[in-house]
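[1] Prediction below, plus the sequence it came from.
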Amino acid sequence: MVTVKFFAMLKTLAKSEGKQYEISSPITVGELKELIKKDFPALAGLIDSRSLLVSVNQEFATRTTVVKDGDEVGFLPPFSGG
Amino acid sequence: MKEDTVSELVRIQHEDFSIDSEVKRVMASSRGIGGVTIFLGAARDFSKGESITGLDFEHYPGMAEKKLLDIRERALKNFDIIEMSIVHRVGKIDIGENIVLIVAASAHRNDAFMACEWAITELKRTTPIWKRETTQKGDVWVSQTP
């Protein structure tokens, strides 16, 4: 099971805090994005944006980072703390 | 430094903080401190020409704390400072209230100034915290912080 978490504007657009995905073998962040685009069409325009960061197990990741069973993947809009 | 002391120095919390208490906490770390710089971020009532009536901050629990701890560690390593604390509030914040406090302490003032400025810039760049502004047109997520 891979736990996907949405934050801030992504959560608002998706009307969801995220989703859990069953995967039979490891996939890349890019492949996971394709699954998310199908499940959450409202995010399709944003999910490939260069300003959107992705984390795997709370460390910054790239499109080619491998996601395994048990991982937590965060989709992070541009930060606005401070 | 003990882990429980570090967790007091670097925090994300809903409740307001006391600037005096945070400065004292940092100063208690060494009698060699000769200068303390603070950055206080506060909730202003306007943004991009719009009137703002309130703010709401969300964070990624766990990752945001980790990023703040990392900023403190890198500040201690890369600047000639003695101690640094970082406290950020989340949840609903009214106009005029405190949002974030960074305290940097050093033997001499220049190092504290530089470390404090670097730390708030790094916080805005690397820490998964998001601000939602309440405007007359509704609530708006802020996507970029200058």
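    That came in fine, so what should we check first? Numbering: from 1, shown residues only, chains lettered A, B, ... in the order given.
[2] what about the residue of chain A found nearest chain B, distance to residue B:71?
    Using CB to the nearest CB, the point where chain A gets nearest to chain B is residue A:81, with a distance of 2.9 Å. Heads up, the C-betas are built off the backbone N, CA and C, glycines and all. As judged by CB to CB, to the nearest Å, residue A:81 and residue B:71 stand 11 Å apart.
[3] So between the two, which is more surrounded?
    Between residue A:81 and residue B:71, counting by other CB atoms under 10 Å in any protein chain shown, residue A:81 is the more crowded of the two (28 against 24).
[4] If I look at the closest residue to that one other than its chain neighbours, what pLDDT would I see?
    Excluding its sequence neighbours, the residue lying closest to residue A:81 (CB to CB, 6 or more residues apart in numbering or on different chains) is residue B:129, at 2.9 Å. Model confidence at residue B:129, given as pLDDT, is 98.
[5] same deal with the one 5 residues further on?
    Predicted confidence (pLDDT) for residue B:134: 95.
[6] Ok, residue B:144 next?
    60.
[7] Ok, residue B:111 next?
    At residue B:111, pLDDT is 97.
[8] Helices along the chain, start to end?
    Since no chain was named, I'll use chain A. Using DSSP state H, the helices found in chain A span residues A:8-14, A:29-39.
[9] hmm, I had chain B in mind actually
    B:3-9, B:19-27, B:63-78, B:109-126.
[10] Need those helices in CSV (columns: distance to residue A:7).
    Formatted as CSV, those follow (distance: least, CB to CB, whole Å):
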stretch, distance to residue A:7
helix B:3-9, 23
helix B:19-27, 27
helix B:63-78, 10
helix B:109-126, 15
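[11] do you know how far the closest residue to residue B:107 other than its chain neighbours is from chain A?
    Leaving out its chain neighbours, the residue that sits closest to residue B:107 by CB to CB, 6+ apart is residue B:34, at 4.9 Å. Separation of residue B:34 from chain A (CB to the nearest CB, to the nearest Å) stands at 27 Å.
[12] so how many other residues sit close to residue B:34?
    14.
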